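coords below, sequence missing:
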């Protein structure tokens, strides 16, 4: 199964509330924090909403 390593690269200060909640739902909160998630349509949708704030890498297992 493919996993995604999501790294927050930009701060959420002065961002709309919806983007802040999406970052929180991904388990992030500060720049340079990383989380690994399974590659699902729900996670991809969240990434698309905050793509300007995060960096995504695929991890193959």
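Cool, the structure landed. Nothing here was measured: the structure is a model prediction, and the numbers come from that model.

what strand or helix carries residue 55?
strand 54-60 (DSSP states H and E).

and what of residue 23?
Going by DSSP H and E, residue 23 is in helix 17-25.

and that helix, what other elements does it pack with?
helix 41-49 (3 or more C-beta pairs under 8 Å, 6 or more residues apart in numbering; DSSP states H and E). Bear in mind the C-beta positions are built from the backbone N, C-alpha and C, glycine included.

so how far is the helix it packs on off the chain centroid?
8 Å (C-alpha atoms, centre = their mean, to the nearest Å).

sheet-wise, list the partners of the strand holding residue 55 with their directions.
If you go by DSSP bridges, strand 54-60 pairs up with strand 2-8 (antiparallel).

hang on, the earlier thing: ok, residues contacting the helix holding residue 23?
Helix 17-25 is contacted from outside by 8, 12, 29, 46, 49, 50, 53, 54, using C-beta atoms under 8 Å, 6 or more residues apart in numbering.

I'd say residue 53 and residue 15 touch.
Yes: counting by C-beta atoms under 8 Å, residue 53 does reach residue 15; the two are 7.5 Å apart.

give me the more crowded residue out of these two.
Between residue 53 and residue 15, counted using other C-beta atoms under 10 Å, the more crowded position is residue 53 (20 against 15).

check contacts around the more buried one.
With contact taken as C-beta under 8 Å, 6+ apart, residue 53 is in contact with 8, 9, 10, 12, 15, 19, 23.

could I get those residues as CSV with distance to residue 34 and pLDDT?
Output for these, formatted as CSV (distance: C-beta to C-beta, whole Å; pLDDT from 0 to 100):
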residue, distance to residue 34, pLDDT
8, 8, 98
9, 10, 98
10, 14, 97
12, 16, 96
15, 19, 96
19, 18, 97
23, 13, 98
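
quick check, nearest of these to residue 61?
residue 8 (22.7 Å; C-beta to C-beta).

okay, and the beta partners of the closest one?
Going by DSSP bridges, residue 8 forms beta bridges with residue 54.
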